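**Student:** model this:
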Amino acid sequence: MTKASKPMSAREVFARNLRQSRRLKDLSQEALALQAGLSRTYLSEVERGTRNIAIDNMGLLAETLGVPLSELVNPSAFKVIGKG
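**Tutor:** Just a heads-up that it's a prediction; the model follows:
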């Protein structure tokens, strides 16, 4: 019998989707942070899921990346490479 995996939290979903969206745009953390007016350290913490990000900053990052915010919070927006 297979143990069911724990669903990702909203913070983890956002972190994963933000990282993947940034990489698809071929941007470094530093470049995205600079364009969004945020610190690279802050962005790194958000992408690792260790920082609780404000909704305003979520919108700012989505706008900077040119993607809808809904894409960054959608658990099925991106598939983790090698996991389906």
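
**Student:** and Y42, what does it touch?
**Tutor:** By Cβ atoms under 8 Å, 6 or more residues apart in numbering, Y42 lies in contact with A33, R51. From N, CA and C alone the C-beta is placed, and that goes for glycine too.

**Student:** run a quick neighbour tally on E45.
**Tutor:** 15 (other Cβ atoms under 10 Å).

**Student:** what count of nearby residues applies to the residue nearest to it when sequence neighbours are not counted?
**Tutor:** In space, and not counting its chain neighbours, E45 is closest to R51: 3.5 Å by Cβ to Cβ, 6 or more residues apart in numbering. Applying other Cβ under 10 Å, we find 16 residues neighbouring R51.

**Student:** tell me the secondary structure at R51.
**Tutor:** With DSSP: H, G, I helix; E, B strand; the rest coil as the basis, R51 sits in coil.

**Student:** of all residues in the chain, which one is nearest the centre?
**Tutor:** Centroid-nearest residue in the chain, with Cα atoms, centre = their mean: L18, separated by 2.0 Å.
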